[in-house]
Structures are given as structure tokens and as C-alpha cells.
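>>> No sequence on hand, only this structure:
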């Protein structure tokens with residue numbers, strides 16, 4: 001492009017002319033100055049690049065992040081079969097969630113489908129803020145950890161005695177941890193803060209880019 005501009009000008013024999021004459025000729029030259037090749041970045045596009053992947057926590061981000069913590073709770077609510085019947089406040093808290101839990105448990109692969117959706121649609125999607133992706137990944141890791149108590153229960157499955165007492169204690173501990181994680185996660189997201197669950201938070205950090 002620049003070379004083609006050179007061929008537009010006729011050959012000019014250099015002659016000595018006064019400075020004021022040269023300036024007047026360039027002032028009335030029919031050839032406009034070439035536009036600057038430096039890119040112009042608008043303020044709007046600069047802000048978009050800076051906000052991508054940020055830890056913003058506006059209202060939609062808080063809502064999505066809070067909802068994700070229901071996933072591991074619904075998936076592990078069966079571990080509360082010993083606690084719920086003994087403590088009426090917990091039973092009152094769970095009662096409004098029963099219809100949603102039934103829908104979640106109605107199909108055996110619902111948990112796996114929700115896992116794939118959250119991981120590939122939310123966590124790996126850079127269009128979501130890092131705040132949403134971190135909380136979603138934290139909920140996923142919490143749900144993955146439920147594999148261990150499930151394996152223990154399927155392997156031993158005691159019917160009575162000390163084994164049954166240990167199983168009841170394990171299930172109750174798992175359920176209470178899920179319940180506390182749900183309340184803590186939802187409350188923190190409602191306030192725009194970043195909930196960091198023990199053990200789970202570091203693993204989620206490593207997965208969120």
C-alpha cells in the first residue's frame with residue numbers, strides 16, 4: 001500500500017527554495033496525509049477486556065453462585081436420614097426443599113447431568129466471571145467428595161452394633177457438613193463475598209483459570 005503511494009508522485013528534481021515557499025506548497029498539497037496506523041481502542045472495549053475473568057459479584061453472579069451450592073446438598077441429602085428425624089429445626093429447614101429434592105432424585109443420572117452442565121457450561125466458560133466459576137467449581141468438588149462416604153457405606157454396610165454407630169456418625173457428619181456448606185455458601189454469595197470451604201477451596205482454585 002505504501003509502495004503504491006510512491007508511484008502516484010511524479011519525479012521531483014530537488015531545487016533550493018525558501019522555507020516559506022515549501023511550507024505554502026505543502027499546505028496546499030492535493031494529497032492528504034496518510035491516516036495513522038496505530039489502533040484506536042475505545043474505552044468500552046478496554047473495560048470489557050479488563051473485566052473478563054474478574055472477581056465481580058453483581059446480582060446475577062451472586063444468584064447463580066448461591067444456586068450451585070444446592071447441587072451437592074441435594075445429591076447428599078440421604079446422609080441426613082439419622083439427623084433430620086432427631087432435630088425438628090433441621091426438618092423444618094428441609095421441608096420446603098422436598099419437592100426440588102424429589103425432582104433431582106427422580107432420575108438416576110440427574111446428578112451426573114448436572115455435573116457435566118455445571119463443569120462445561122459454567123466453569124469452562126470464560127464468559128462467566130471468575131466469581132461464578134469458582135463457586136461452581138467449589139460445589140462440584142464438594143459433590144465429588146461424596147464418593148468416599150458412599151464407598152464406605154456400600155463396602156461395610158453394618159446392620160447393628162458398633163459398626164452401625166460409626167456409620168450413623170459418619171453419615172450425620174457428612175450431612176451436617178453439606179448443610180453448613182449450603183448455608184455458608186449461599187449467605188456469602190448473597191453478601192457478595194467469596195466463600196472458601198476447607199479442603200474444597202484449594203482444589204477449586206486449581207481448576208479455575
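That came in fine, so what should we check first? Not measured: the values here are computed from a predicted model.
>>> Surely residue 175 is in contact with residue 80?
Yes: Residue 175 lies in contact with residue 80 (C-beta atoms under 8 Å); the separation is 3.6 Å. For the C-beta atoms, the positions are set from N, CA and C on the backbone; glycine is no exception.
>>> ok, now how distant is the residue nearest the centre of the chain from residue 125?
Centre of the chain computed as the mean C-alpha position; nearest residue by C-alpha atoms, centre = their mean is residue 133, 1.0 Å away. As defined by C-beta to C-beta, to the nearest Å, residue 133 lies at a distance of 8 Å from residue 125.
>>> Likewise for residue 103?
Distance from residue 103 to residue 125, by C-beta to C-beta: 25 Å.
>>> How about residue 189?
18 Å.
>>> Neighbour count for these two, which is higher?
Counted by other C-beta atoms under 10 Å, residue 189 and residue 125 do not tie: residue 189 has more neighbours, with 24 against 12.
>>> Quick one: distance of the helix or strand harbouring that one to the chain centre.
Using DSSP states H and E, the element containing residue 189 is helix 161-190. With C-alpha atoms, centre = their mean, to the nearest Å as the basis, helix 161-190 stands 24 Å off its chain's centre.
>>> list the buried ones in it?
Buried residues in helix 161-190, counted by 16 or more other C-beta atoms under 10 Å: 167, 170-172, 174-175, 177-179, 181-182, 185-186, 188-189.
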